[in-house]
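Colleague: Build me a model from this:
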Amino acid sequence: MNKDQNLHYPKPTGTLFIVALPIGNNQDLLPRARHALGLVDIVAAEDTRIFKSFALELSIPIKKLVSHHNHNEKDSAQELIQELLKGKNIALVSDAGTPNISDPGFPLLKLAYENNIPVCGIPGPSALTLALSICPIGGVSHFFAGFAPTKSQERKKFFKEKATVADKIVFFESPHRILEHLQDAQDIFKEKVFILREGTKKFEESLYLEIPEMIKHLQDKAKGEFVVIYPGQKNTLLNLEDLKKEIQNLIAENLKPSDILKKIQDLTDLTRREIYDLITKLKHPGDSDS
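Modeller: Now for the predicted structure:
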């Protein structure tokens, strides 16, 4: 059998390979991925030092290694496209897992398709699919949100917006933000949360706890990489007509606009300003424009 038949049909020429690497245990590297890395003319790696060490450990011969990371990927993508157009085969890899999930890859992929360059995905380890496969939260649909915003207020808003979009809401999180992440989530996600910490690594841990318990458990061991899966919340948002009825009921109880706003702000995705304007309009209908 031609050795290239393990990779792609027909024989690849000027092909971009998106290659999944292990997320912790190097024995998870698939034979097809190993073959591709040894075959291609160029490997574009998120961190060349990490990849060199990885390739050396597994005795993978590398012809040429270049850096392709968040800070240079636009310029690097342009250079790699020129090599692909010359007929070179290139493998794109992340430090771990599958490229273009929450790692560099999009600009290069977009240019490849725009230039009619063949793209071949070589699947393998993924922290996302690993966590979902052992998650005890029910339901078929899931929404992958990547990393949550870094600022607390933006993070809370993001949680609120995404809480109802699927049966499972999945995040990646870093060790230095995991506790803040959970603290900001606990007012929105009420049921038990699932966390996979250090998947496939020596200190792998699967946890299924209420958020306060999870925070307590991780207080002194918030180390490693995390996949966090929340159960999707039921959509309790009111449509505009029902929202108006609720406001009118509260107006009838002689509540102040500020008190009405507090009671209904979690029942709508309108902004505080929009809610206040609606309360004012319903409280004083004669003052509105005809």
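
Colleague: Alpha carbons only: can I get stretch 168-176 in CSV?
Modeller: Extracted as CSV, the C-alpha positions of stretch 168-176 are listed here (Å, rounded to 0.1, in the frame of the first residue of the first chain):
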residue,chain,number,x,y,z
LYS,A,168,-25.3,21.5,28.2
ILE,A,169,-23.2,24.7,28.2
VAL,A,170,-19.5,23.9,27.9
PHE,A,171,-16.5,26.2,28.7
PHE,A,172,-12.8,25.9,28.8
GLU,A,173,-11.2,27.7,31.7
SER,A,174,-7.6,28.4,33.0
PRO,A,175,-6.4,27.6,36.5
HIS,A,176,-6.0,31.3,37.6
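
Colleague: What are the contacting residues of that stretch?
Modeller: 102, 127-128, 131-132, 135, 137, 139, 141-148, 162-163, 181, 189, 222-232 (CB atoms under 8 Å, 6 or more residues apart in numbering). In this view, the C-beta of every residue, glycine as well, is placed from N, C-alpha and C.

Colleague: Drop anything exposed from those.
Modeller: Burial by neighbour count, 16 or more other CB atoms under 10 Å: within those this picks out 102, 127-128, 131-132, 135, 137, 142-145, 148, 162-163, 181, 189, 222, 224-232.

Colleague: can you confirm residue 102 is in a helix?
Modeller: No. Per DSSP: H, G, I helix; E, B strand; the rest coil, residue 102 lies outside any helix segment and is coil.

Colleague: Test my guess that it contacts residue 127.
Modeller: No. Contact criterion CB atoms under 8 Å: residue 102 and residue 127 do not qualify, at 9.0 Å.

Colleague: quick one: which of the buried ones among the contacts of stretch 168-176 sit in helices?
Modeller: Counted as lying in helices by DSSP state H, out of those, are 127, 128, 131, 132, 162, 181.

Colleague: From residue 83, how far off is the residue nearest to residue 87 when sequence neighbours are not counted?
Modeller: For residue 87, the nearest residue in space outside its immediate sequence neighbours is residue 14; the separation is 4.5 Å by CB to CB, 6 or more residues apart in numbering. Separation of residue 14 from residue 83 (CB to CB, to the nearest Å): 9 Å.

Colleague: Residue 69: what's its closest spatial neighbour, skipping adjacent residues?
Modeller: residue 46 (5.1 Å).

Colleague: show me what contacts that neighbour?
Modeller: By CB under 8 Å, 6+ apart, the contact set of residue 46 is 68, 69, 93, 94, 95, 99, 103, 104.

Colleague: Spit out the contact partners of the fifth one.
Modeller: Residues counted as contacts of residue 95 (CB under 8 Å, 6+ apart) are 21, 45, 46, 47, 50, 51, 103.

Colleague: Only the buried residues of stretch 261-269, if you could.
Modeller: 261, 264, 268.

Colleague: nearest to residue 277, of those?
Modeller: residue 261 (10.7 Å; CB to CB).

Colleague: Please look at the closest one and residue 276 and confirm they touch.
Modeller: Yes. Using CB under 8 Å, residue 261 is in contact with residue 276, at 6.0 Å.

Colleague: List the residue ranges of this protein that fall below the pLDDT cut-off.
Modeller: The chain contains residues with pLDDT under 70 at 1-12, 235-237, 286-290.

Colleague: next structured bit after the helix or strand containing residue 44?
Modeller: Secondary structure from DSSP states H and E places residue 44 in strand 42-45. Of the helices and strands lying after strand 42-45 in sequence (DSSP H and E), the nearest is helix 48-57.

Colleague: tell me what that next one is packed against?
Modeller: The contact analysis (3 or more CB pairs under 8 Å, 6 or more residues apart in numbering; DSSP states H and E) places helix 48-57 against strand 65-67.

Colleague: Please identify the pairing partners of the strand it packs on and their relative orientation?
Modeller: In the sheet, strand 65-67 lines up against strand 42-45 (parallel) (DSSP bridges).

Colleague: re earlier: what are the C-alpha coordinates of the strand holding residue 44, in CSV please?
Modeller: Extracted C-alpha coordinates of strand 42-45, given in CSV (Å, rounded to 0.1, in the frame of the first residue of the first chain):
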residue,chain,number,x,y,z
ILE,A,42,6.2,22.0,7.1
VAL,A,43,4.7,21.7,10.5
ALA,A,44,3.1,25.0,11.8
ALA,A,45,3.1,24.8,15.6
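
Colleague: which parts of it are buried?
Modeller: Buried residues in strand 42-45 (16+ other CB under 10 Å): 42, 43, 44, 45.

Colleague: closest to residue 201 among those?
Modeller: Nearest to residue 201 among the buried residues of strand 42-45, counting by CB to CB, is residue 45 at 20.0 Å.
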